[in-house]
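J.: just a sequence and a predicted model for now, questions to come.
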Amino acid sequence: MFQGCRYEARFQQKLLEYTDSNNIASLFLTAANRWLEEYIGACVVLIAAVTSISNSLHKELSAGLVGLGLTYALMVSNYLNWMVRNLADMELQLGAVKRIHGLLKTEAESYEGLLAPSLIPKNWPDQGKIQIQNLSVRYDSSLKPVLKHVNALISPGQK
């Protein structure tokens, strides 16, 4: 269809535009995630540094407990980053589910070409002949037809 109407270049250009648009959105999401990871990591390191300095000044806890606390505090940033990344991914996937749900609720277009069973002849089809008369096809009711007044006759046994 694209070759017959010479739409290959236009279709390829549109495909590249959509791919670029998708990649830009993905790039910004990845950049935001990385920035947030660095920010959370810096906050955790700052809190750990303040905690260790205040403990060294007041000496209320043993060095072993402070080390254990710092180890767990530094691990918190990994868990927070993992949680933020997965929440963002889940939100994207839920958006896709919402779009699919909306498509499922879309009503089907009416089709007026069906015949009632009582109108179909009893011996139909008696031949394997296909006859198309004055066929016009459009992609949407608001667009011009892409095929106009097509007539074809395919005889039985013909390929």
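T.: Structure's in. What do you need?
J.: quick check: A152 is in a strand.
T.: Yes: counting by DSSP: H, G, I helix; E, B strand; the rest coil, A152 is found in a strand.
J.: thought it was touching Q158?
T.: No: counting by C-beta atoms under 8 Å, Q158 is not a contact partner of A152; they are 10.8 Å apart. Backbone N, C-alpha and C define where each C-beta goes, glycine included.
J.: distance of the nearest residue to K144 once chain neighbours are set aside relative to N151?
T.: In this structure, K144 finds its nearest non-sequential neighbour in R138, 6.6 Å apart by C-beta to C-beta, 6 or more residues apart in numbering. According to C-beta to C-beta, to the nearest Å, R138 stands 18 Å off from N151.
J.: could you give me the average pLDDT of the lengthiest helix in the chain?
T.: As assigned by DSSP state H, the longest helix anywhere in the chain is helix 8-58. Rounded to a whole number, the mean pLDDT of helix 8-58 is 86.
J.: distance check, the most centrally placed residue in the chain against F28.
T.: Taking C-alpha atoms, centre = their mean, the centroid of the chain lies closest to A96, which sits 5.7 Å from it. Applying C-beta to C-beta, the value for A96 to F28 is 18 Å.
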